[in-house]
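Q: After the sequence you'll find the predicted model.
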Amino acid sequence: MDPMLLMQEAVKARLKAYVPYSGFSVGAALLDADGKVHYGCNIENAAYGPSNCAERTALFSAVAQGQKPGSFKALAVVGDTEGPISPCGVCRQVIAELCPPDMPVYLGNLKGDMQETTLAELLPGAFGPSDLGKERP
Ligand SMILES: O=c1ccn([C@H]2C[C@H](O)[C@@H](CO)O2)c(=O)[nH]1
Ligand SMILES: [Zn+2]
């Protein structure tokens, strides 16, 4: 799938964000092995801590719908940032768990800036399954 098309899907997902506290909407679009797109937005909470980022919403939603961890093909993330959005550390760790390290990650903003990267670049030396003697999913 064309990266810009996946970015456009993330822009659509962003419109669903529930952000009464930060007012900062983020959208994510995750491409699965069947070519289907899974959507994520950030969903905040009055207790702040339980808030969920757009990236994790997309990943958890896809896994809950039966997509196999490790099988994803690409992730696009969009926010209204000056440059391409930067995923938080928690999301980087979750991407490390559920996505191949060399999977393309497209980071963008509403102006159309786009940076292509990978999890290996976003979280070098990630703690992962192998550190617990387990295989990658
Ligand atoms: O990549 C990012 C960065 C931030 N947020 C959310 C968390 C919080 O709801 C709001 C402000 O940090 O943006 C995301 O969903 N994804
Ligand atoms: Zn995050």
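A: Happy to help now that I have it. Numbers count the residues shown, from 1 in each chain. Ligands and ions are numbered 1, 2, ... in the order given.

Q: Now the residue most central in space within the chain: which helix or strand?
A: For the chain, the residue nearest the mean C-alpha position is residue 55 (2.8 Å; Cα atoms, centre = their mean). Secondary structure assigned from DSSP states H and E places residue 55 in helix 54-64.

Q: what comes up buried for the helix or strand following that helix?
A: Counting by DSSP H and E, the next helix or strand C-terminal to helix 54-64 is strand 74-79. Neighbour-count burial for strand 74-79 flags 74, 75, 76, 77, 78, 79 (criterion: 16 or more other Cβ atoms under 10 Å). All C-beta spots, glycine's among them, are computed from the backbone N, C-alpha and C.

Q: List, out of these, those positioned next to ligand 2.
A: Taking Cβ under 5 Å from the ion as the test, ligand 2 is in contact with none of the buried residues of strand 74-79.

Q: Can I get those residues in a markdown table including distance to ligand 1 and pLDDT?
A: As requested, the buried residues of strand 74-79 are exported to a markdown table (distance: Cβ to the nearest ligand atom, whole Å; pLDDT from 0 to 100):
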| residue | distance to ligand 1 | pLDDT |
| --- | --- | --- |
| 74 | 16 | 98 |
| 75 | 11 | 98 |
| 76 | 11 | 98 |
| 77 | 6 | 98 |
| 78 | 9 | 98 |
| 79 | 6 | 98 |
